[in-house]
Every structure is written in structure tokens, then in C-alpha cells.
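>>> any chance you can model this:
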Amino acid sequence: MDNGEQTRALTQYLGNQMDLGFNPLNPKDWLEWFGPFALFGVWAILFAETGLLLGFFLPGDSLLFIAGVAASPVAEAILGEGVKISIWGLLIGAPIFAIAGAQLGHYLGARYGSKLFDRPDSRFFKREYVEKAEYYFNKFGPAKAVVLARFIPIVRTFLNPVAGVLEMPARQFFIWNVVGGVIWTDGIILAGYALAKQITKVMDPADIDKYILPVVAIIVLISLTPIFIEVWRDRRAKRRQANASQAEERV
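Numbers count the residues shown, from 1 in each chain. Sure, this is the predicted structure:
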């Protein structure tokens, strides 16, 4: 089978899968949709979510977790027959594509500047997304913001071009992009891989489908822990400064 025939076969397969009640917000549906091409699908979604502005709605955190489950020895008991992904393909490929996507976003921001966001609000774009990314960039500083943004949906899509627009040096961005990309992707993948077997021990595999998304939501909240810690530290520092200022005024 030549490349043209392979492409047509893949297109036909994905088209058939799309007809089966596909939900783009459900990471399990993505894996089932891609079927035997699930690993490549995960790579593509990670690249699109971090590098293309229209990719902000894609399920990054939950997809990584479910992909980790799909790479585990109990993948078929939880997700059904035919859903199996290489753990090494995930651990190596996922950070590469997440990093590459973010680099593209930074390049586009540096190349086109603020006019990249000079468009009216629509279903797929809102100015508040850009403002939220700028807020985190200015609040935590360039390096910390690039790492922490990986754990914040929507922000991880828009912060990369914002960093380019605000002229964050390409070398500095690359270093922290690699750090954040590896921690985010491999951390959540390994969490899904490690917890998969434990999930089958506490519930009947037949009932797992009812609980998999709540479990993913918990994992996503845990992944946001670094953000909560930084916000708490920032508020505590401001409180100390305010108390010190009041003490000086009294003196």
C-alpha cells in the first residue's frame, strides 16, 4: 500500500468513526476515534493545543491521563478492546510534540506581534483568553509562567504567542518550554499509567466508564496544585508587605 492509499484509508477510517456519536470534549472518544492510530492522534492533539490558537478547546490534561491508562496493562479492561498505546511512544513523543507546538506559538507571536490577536470575539476566539495569558505572564514572570501555564487549560495555548509578542528571548523560552513540557506531559501520563491498575481493584470494570471522567477531573485539579501554591505564596507576600507598611506608618 503506497502513501496515497494509506492516507485515504486513514481518512476513511476517521470519517467512519466520526459518525459514531463523537464528543470532542471526551478524551476517551478521541482515542476510540483514532483507533490503531491513537498514539499519533495524541501527538497531533498536543501539538495543536499548544501551537494553534484554535486548539484551545482540545482536552490536554484529560487526554494525557487517559493515554496513560491506555498504555497500562489493564487498558482494555478499562477502555475496551483495541485501545492500547505504547508507553514509550507516549513518554518520548508527547513532550516532543507539546514542546514543538509551544515553540510554534512563540514564533508566531514574535513574528506577527499583537496583530496576531487583532480580531473580533467569536465562538473560537475571545480577547479575555489573551488577557488571562498576559496576566499570568506578568504575575509570575516569564520563566515561571511558561512552566505553570502548562497546567492551565486555555492559558497554555495563548501564553506561548503572548510570550513571543512580549519579546521573551527565544533561548529562554525554549529552556523553560522544555522543562514545562516534560513535567506536564510525562507527569500526567505516568499518573494515568500508575493509577489504572488501582482503578480496576476498587471498582468493576463494567462500571468504570461512569467514573473515568470524574477521576480525570481529580487528576486535573491535582495538576493545578503548583498554581494554587504560587497564588497562596503571592497573597502571603502581599499581606506581609501590607503589614510592614502599616507598621512603618505607625512608627
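>>> the bottom helix or strand of this structure by mean pLDDT?
When the helices and strands of the chain are scored by mean pLDDT, DSSP states H and E, helix 3-18 comes last with a mean of 51.
>>> hey, where'd the helices end up in this protein?
For the chain, the helices defined by DSSP state H occupy 3-18, 27-34, 38-51, 60-70, 75-79, 87-112, 127-140, 142-148, 155-165, 170-202, 208-223, 225-250.
>>> for residue 119, find the nearest of these.
Among these, helix 127-140 comes nearest to residue 119, with 8.7 Å by CB to CB. Yep, even glycine has a C-beta here, placed from its N, CA and C like the rest.
>>> okay, residue 162: pLDDT?
You'll see residue 162 listed with a pLDDT of 89.
>>> quick one: contacts for it?
By CB atoms under 8 Å, 6 or more residues apart in numbering, the contact set of residue 162 is 109, 130, 133, 134, 137.
>>> just residue 177 next, same as before
99, 102, 103, 106, 146, 160.
>>> and for the residue nearest to it when sequence neighbours are not counted, the neighbour number?
In space, and not counting its chain neighbours, residue 177 is closest to residue 102: 4.9 Å by CB to CB, 6 or more residues apart in numbering. By the criterion of other CB atoms under 10 Å, residue 102 has 31 neighbours.
>>> how close does residue 102 get to residue 62?
Note on residue 102: its distance to residue 62, by CB to CB, to the nearest Å, is 19 Å.
>>> possible to save the helices of the chain as a markdown table with distance to residue 119?
What follows is those, written out as a markdown table (distance: least, CB to CB, whole Å):
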| stretch | distance to residue 119 |
| --- | --- |
| helix 3-18 | 28 |
| helix 27-34 | 27 |
| helix 38-51 | 18 |
| helix 60-70 | 23 |
| helix 75-79 | 38 |
| helix 87-112 | 12 |
| helix 127-140 | 9 |
| helix 142-148 | 23 |
| helix 155-165 | 13 |
| helix 170-202 | 24 |
| helix 208-223 | 29 |
| helix 225-250 | 28 |
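>>> picking that back up, closest to residue 38 among the contacts of residue 177?
Closest approach between the contacts of residue 177 and residue 38, by CB to CB: residue 99, at 20.4 Å.
>>> with adjacent residues omitted, what lies nearest to that closest one?
Here the nearest residue to residue 99 in space, its sequence neighbours aside, is residue 181; by CB to CB, 6+ apart that works out to 4.1 Å.
>>> how many residues are close by that neighbour?
Neighbours of residue 181 under the rule other CB under 10 Å: 26.
>>> isn't it right up against residue 150?
Yes - taking contacts as CB atoms under 8 Å, residue 181 lies within contact range of residue 150: 6.8 Å.
>>> what touches both of the two?
Counting by CB under 8 Å, 6+ apart, the residues touching both residue 181 and residue 150 are residue 98.
>>> of all the helices of the chain, which one comes closest to residue 120?
Between the helices of the chain, helix 127-140 lies closest to residue 120; by CB to CB that is 8.7 Å.
>>> which secondary structure elements does the closest one sit against?
helix 142-148, helix 155-165 (3 or more CB pairs under 8 Å, 6 or more residues apart in numbering; DSSP states H and E).
>>> deepest of those helices, which one?
Mean neighbours per residue, mean count of other CB atoms under 10 Å, is largest over the helices and strands packed on helix 127-140 for helix 155-165, with a mean of 27.
>>> and the direction of that one versus that of helix 87-112, what angle?
Going by axes from the mean of the first three to the mean of the last three CA atoms, to 10 degrees, helix 155-165 is angled at 40 degrees with respect to helix 87-112.
>>> what's the neighbour count on residue 229?
For residue 229, the neighbour count with other CB under 10 Å is 11.
>>> do you know which of the helices and strands packed on helix 127-140 lies nearest residue 52?
Once CB to CB is applied to the helices and strands packed on helix 127-140, the stretch that comes out nearest is helix 155-165, at 7.8 Å.
>>> separation between residue 24 and residue 87?
Taking CB to CB, one finds residue 24 at 25 Å from residue 87.
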